[in-house]
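In: Okay, here's the prediction I keep looking at, along with the sequence it came from:
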Amino acid sequence: MWDVKCEMDKGKEEKYKDFTFDFEKLDVYQLSLKFIYKLIMLSRNLPPELRFSLGDNVIRAGMSIINNIAEGSGKKSPKEKRRYYGTSLDSARECIPTITVVHGEGHITDEYKDELRGDCLEICNKMAKLIQSV
């Protein structure tokens, strides 16, 4: 049985308020964080019949990008890091078909489709460089 307390000792809030995890310093993480917020807004603006299929799918893929960056950064072996970062790259690529379908159905403008695809391409390029650097 886990004995976890959710309260911090007095003073610890101050001690940790400026703490930053290593992955939070990565440009690709910050870009991916902005991207997931765009995907959430995209999902919220879809009609109900698509929100729970396409919307949920693209949000899961977007969350997988940032979650795998975070988890991979904590791995000790280069092989493990590359595996998690590779999954993050795959998840970024997974967003493209949903963006394409949502656009094709007329739910986003050409400009917004191009913006999302551009963000996704930038994430993919940065992930590829991160994988190569490990």
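Out: Looks like it came in fine. Computed from a prediction, not measured in an experiment: that's the story for all the values here.

In: CA atoms for contacts and neighbours, from now on please.
Out: Fine.

In: Report how many residues lie close to Glu49.
Out: By other CA atoms under 10 Å, 9 other residues sit near Glu49.

In: Ok, Ile59 next?
Out: Neighbour tally, Ile59, other CA under 10 Å: 21.

In: do Phe19 as well
Out: 8.

In: Mean pLDDT per helix and strand in this protein: which one sits at the bottom?
Out: helix 12-16 (a mean of 67; mean pLDDT, DSSP states H and E).

In: Let me know the average pLDDT across whatever helix or strand comes next after that helix.
Out: The C-terminal neighbour of helix 12-16 among helices and strands, as given by DSSP states H and E, is helix 27-44. For helix 27-44, the mean per-residue pLDDT is 97.

In: centre of the chain versus the helix or strand that comes right after helix 27-44, how much separation?
Out: Note on helix 27-44: by DSSP H and E, the next helix or strand toward the C-terminus is helix 48-50. Put simply, helix 48-50 sits 23 Å off its chain's centre (CA atoms, centre = their mean, to the nearest Å).

In: Counting by contacts, list what helix 48-50 packs against.
Out: Helices and strands touching helix 48-50, by 3 or more CA pairs under 8 Å, 6 or more residues apart in numbering; DSSP states H and E: there are none.

In: Going by neighbour count, list what's buried in the helix or strand just after that helix.
Out: Following helix 48-50 in sequence order, the next helix or strand is helix 56-73 (DSSP H and E). Residues of helix 56-73 classed as buried by neighbour count (16 or more other CA atoms under 10 Å): 56-70, 72-73.

In: Check what contacts stretch 28-41 and list those residues.
Out: By CA atoms under 8 Å, 6 or more residues apart in numbering, the surrounding residues in contact with stretch 28-41 are 23-24, 55, 58-59, 62-63, 65-66, 69, 116, 119-120, 123, 126-127.

In: buried stuff in it?
Out: Buried, per 16+ other CA under 10 Å, within stretch 28-41: 28-29, 31-33, 35-36, 38-40.

In: Could you check how far the longest helix along the chain is from the centre of its chain?
Out: As assigned by DSSP state H, the longest helix anywhere in the chain is helix 78-104. From the chain centre to the centre of helix 78-104 is a distance of 9 Å (CA atoms, centre = their mean).
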